[in-house]
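J.: here are the coordinates; sequence isn't available:
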């Protein structure tokens, strides 16, 4: 049986014919799928790349192929390529017998419409909430409220009609987008966790605690700057990098010696650099760009004293789970699955730079609390070990295959 997986992730076709990606989805991610299905076809945008890609970034391989969609960017390019997209999606759907659509997203939406037209069963992976993702401050477009309502309504319909639904949260997404009466539903079996960064060793944790103690000896930081880290896309503002920069500026005004490093790329990068300059913190702000998975991510997370995710919306943030797995103390906003990861004392309202600044100041001056946050986060992250996630996902895939063969 051939499984079609629709995803919003972008990939690149190299000059050697490989399909590679910068994101977490690589060929080993499909191993669990191939235990249950004979073949996997990935429905995704694929652009042409001339750069040299290492073998470990490859996403295709034996029994895994791609249905390459045009690499459109933004709603207007999407509309211009829509006729071609519809033809390619229809072909991919007709050539497959089982379907997992990663939603919300335009690729999953196109596949859903074709599958429902053919009255075939389908399964979903619900990874975020369009109501929050298109909330105020996330996208400067007059069409944002319309897309927000349409996206929310369609995701509810998708979940109601799916035969199996995998939510990345334990309850947040399930409450707003409930599954159908007879569908199989499961939470917390994140499909990308199989590539989760290595858990922090006792040596790594000891080094982190030592840095905390050095900063607070006799109430002095002894020249040790408090380092705040952020990982997230800068394509849109839903990850809240602007909120973080404003909070950092407030912390500086109130006397905290800190610097912030943001890892991520996107069209809003230049705007964020300009914002840092206007706030007078350009010399305290570093933009690291897109960090490859593996050692660069580990080194980044191990170097920060506090990881902050001030998102305006989330599903279950992979970046935060990775930070927790390295023992990072974390602060996040009260959206999506973040409250399922962090203690209530480590959460602030979304979009509130003042509240975020107060929380950063509060924890930066509390070494014992930082240590407790660090230990607690590492223990919580172990719930998302590749072993536990893989077994839960294997069960989900078996349900997808079983329900795809029913009349």
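T.: Arrived safely. Keep in mind that what you see is a predicted model, and the values were worked out from it rather than measured.
J.: check which helices and strands the longest helix anywhere in the chain sits against.
T.: Criterion DSSP state H: the longest helix present in the chain is helix 74-94. If contacts are counted by 3 or more C-beta pairs under 8 Å, 6 or more residues apart in numbering; DSSP states H and E, helix 74-94 sits against strand 39-48, strand 64-69, helix 106-117. Bear in mind the C-beta positions are built from the backbone N, C-alpha and C, glycine included.
J.: want to throw those into TSV with distance to residue 128 and mean neighbour count?
T.: Formatted as TSV, the helices and strands packed on helix 74-94 follow (distance: least, C-beta to C-beta, whole Å; neighbours: other C-beta atoms under 10 Å):
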stretch	distance to residue 128	mean neighbour count
strand 39-48	17	20
strand 64-69	20	19
helix 106-117	11	20
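J.: how about JSON lines for those, with distance to residue 252 added?
T.: Converted to JSON lines, those look like this (distance: least, C-beta to C-beta, whole Å):
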{"stretch": "strand 39-48", "distance to residue 252": "40"}
{"stretch": "strand 64-69", "distance to residue 252": "45"}
{"stretch": "helix 106-117", "distance to residue 252": "40"}
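J.: adding distance to residue 269 and mean pLDDT, write these out as TSV.
T.: TSV is the format used below for those (distance: least, C-beta to C-beta, whole Å; pLDDT from 0 to 100):
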stretch	distance to residue 269	mean pLDDT
strand 39-48	19	96
strand 64-69	25	96
helix 106-117	23	96
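J.: check what pLDDT the closest residue to residue 84 other than its chain neighbours gets.
T.: Counting by C-beta to C-beta, 6 or more residues apart in numbering, residue 84 lies nearest to residue 70, which is 6.1 Å off, once chain neighbours are set aside. At residue 70, the model reports a pLDDT of 96.
J.: that's a strand at residue 260, yeah?
T.: Yes. Assessed by DSSP: H, G, I helix; E, B strand; the rest coil, residue 260 belongs to a strand.
J.: can you get me a residue count around it?
T.: The number of residues packed near residue 260 is 27, by other C-beta atoms under 10 Å.
J.: the residue nearest to residue 84 against residue 45, yeah?
T.: Yes. Counting by C-beta atoms under 8 Å, residue 70 touches residue 45, with 6.8 Å between them.
J.: returning to that earlier point: return the list of helices and strands in contact with the next helix or strand along the chain from the longest helix of the chain.
T.: Downstream of helix 74-94, the next assigned helix or strand under DSSP states H and E is strand 98-103. Packed against strand 98-103, as judged by 3+ C-beta pairs under 8 Å, 6+ apart, are the following elements: strand 2-13, helix 106-117, strand 123-126, helix 144-161, helix 386-404.
J.: so which elements touch the shortest one?
T.: Strand 123-126 is packed against strand 98-103, helix 144-161, strand 164-167, helix 386-404, with contacts defined by 3+ C-beta pairs under 8 Å, 6+ apart.
J.: so the residue lying closest to residue 235 once chain neighbours are set aside is in which element?
T.: Take residue 235 and drop its neighbours on the chain: the residue closest to it by C-beta to C-beta, 6+ apart is residue 266, 3.3 Å away. Assigned by DSSP H and E, residue 266 belongs to no helix or strand.
J.: enumerate every residue touching residue 266.
T.: Neighbouring residues of residue 266 by C-beta atoms under 8 Å, 6 or more residues apart in numbering: 233, 234, 235, 236.
J.: which one of those is nearest residue 303?
T.: residue 234 (19.9 Å; C-beta to C-beta).
J.: for the closest one, which three-state class applies?
T.: coil.
J.: so how far is residue 256 from it?
T.: Plainly put, residue 234 is 24 Å away from residue 256 if you go by C-beta to C-beta, to the nearest Å.
J.: more neighbours: which of these two?
T.: When residue 234 and residue 256 are compared for neighbours, residue 234 comes out ahead with 24 against 18, by other C-beta under 10 Å.
J.: if I look at the more buried one, how far off is residue 283?
T.: Residue 234 is 20 Å from residue 283, by C-beta to C-beta.
J.: cool, residue 31 as well?
T.: 46 Å.
J.: same check, this time on residue 22
T.: 29 Å.
J.: tell me the pLDDT at the closest residue to residue 333 other than its chain neighbours?
T.: Spatial nearest neighbour of residue 333, excluding adjacent residues (C-beta to C-beta, 6+ apart): residue 350 at 4.0 Å. According to the prediction, residue 350 has pLDDT 92.
J.: residue contacts, residue 350?
T.: Residue 350 touches 240, 243, 310, 311, 312, 313, 333, 334, 335, counting by C-beta under 8 Å, 6+ apart.
J.: closest to residue 8 out of these?
T.: residue 313 (14.7 Å).
J.: quick one: that closest one and residue 335 touch, right?
T.: Yes. Applying C-beta under 8 Å as the test, residue 313 and residue 335 come out as touching, 5.4 Å apart.
J.: between the two, tell me which one has more neighbours.
T.: Taking other C-beta under 10 Å, residue 313 and residue 335 do not tie; residue 335 has more neighbours (26 against 21).
J.: what residues are up against that one?
T.: Here residue 335 is in contact with 132, 311, 312, 313, 314, 350 (C-beta under 8 Å, 6+ apart).
J.: show me the shaky parts of the protein.
T.: 188-197, 216-223, 406-407 (pLDDT under 70).
J.: how many neighbouring residues does residue 306 have?
T.: Residue 306: 23 neighbours (other C-beta under 10 Å).
J.: check residue 31 too.
T.: Neighbours around residue 31, by other C-beta under 10 Å: 11.
J.: now the helix or strand harbouring it: buried residues?
T.: Residue 31 is part of helix 31-36 when elements are defined by DSSP H and E. For helix 31-36, burial by neighbour count (16 or more other C-beta atoms under 10 Å) applies to 32, 33, 34, 36.
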